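Student: Sharing a model prediction with you, sequence too.
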Amino acid sequence: MKSQILELVYGANLEQDGEDWLVTFRDLTNVFSGGKTRDEAIFNAQEALEGVLLEMVAEDLEIQLPSSQQPGEEAISVRPEVAAPVMLHILRQQTGQTIATLAQALGVKYHTYQQMEKTGQRLTLKGLNRAARALGATVELRWRKV
């Protein structure tokens, strides 16, 4: 069985709208942003993407995983400090576990795990590894030259 790699890199469409730039995401239609320059639009798009993902975690909503990037799309990566709690949320939902059962499996209080998932607070690399194992996954650190 081939293992699934979970990455939060979403393809974004950048369009010039007059003098401004508009950014939309094919996989997350509720996320859009813009800016005066292309670079500003990309920066703002990452902020908007991360804000919406964290809000979806807070509301315990299902998060659409990114599909393969299409030609002409800009790859917008979710920063690690946001990706870690979002990935915990996604994996927990995929495995059908509750916050309570996962907290118990990790030997932490409900509120402690809840904060790890919703805000990344109290989330260390060691804790992330333990949570990933409890969810049937592993954590890998990768660097991508940009």
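Tutor: In hand now; what should we look at?
Student: Look up phi and psi at the closest residue to Ala132 other than its chain neighbours.
Tutor: With CB to CB, 6 or more residues apart in numbering as the measure, Val139 is the residue that lies nearest to Ala132, at 4.9 Å, once sequence neighbours are left out. Bear in mind the C-beta positions are built from the backbone N, C-alpha and C, glycine included. Note on Val139: its backbone torsions stand at phi -110, psi 130 [degrees, to the nearest 10].
Student: can you pull the pLDDT of Val139?
Tutor: Note on Val139: pLDDT of 91.
Student: what about the longest helix in the chain?
Tutor: Of all the segments assigned as helix in the chain under DSSP state H, the longest by residue count is helix 38-58.
Student: Flag every buried residue along that helix.
Tutor: Applying a neighbour-count criterion of 16 or more other CB atoms under 10 Å, one finds 41-42, 44-46, 48-50, 52-54, 56-57 buried in helix 38-58.
Student: what does that helix contact?
Tutor: Defining contact as CB atoms under 8 Å, 6 or more residues apart in numbering, one finds that helix 38-58 is touched by 8, 10, 12, 14, 20-23, 25, 28, 30-35, 62-63, 74, 76-79, 82, 85-86, 89, 117-119.
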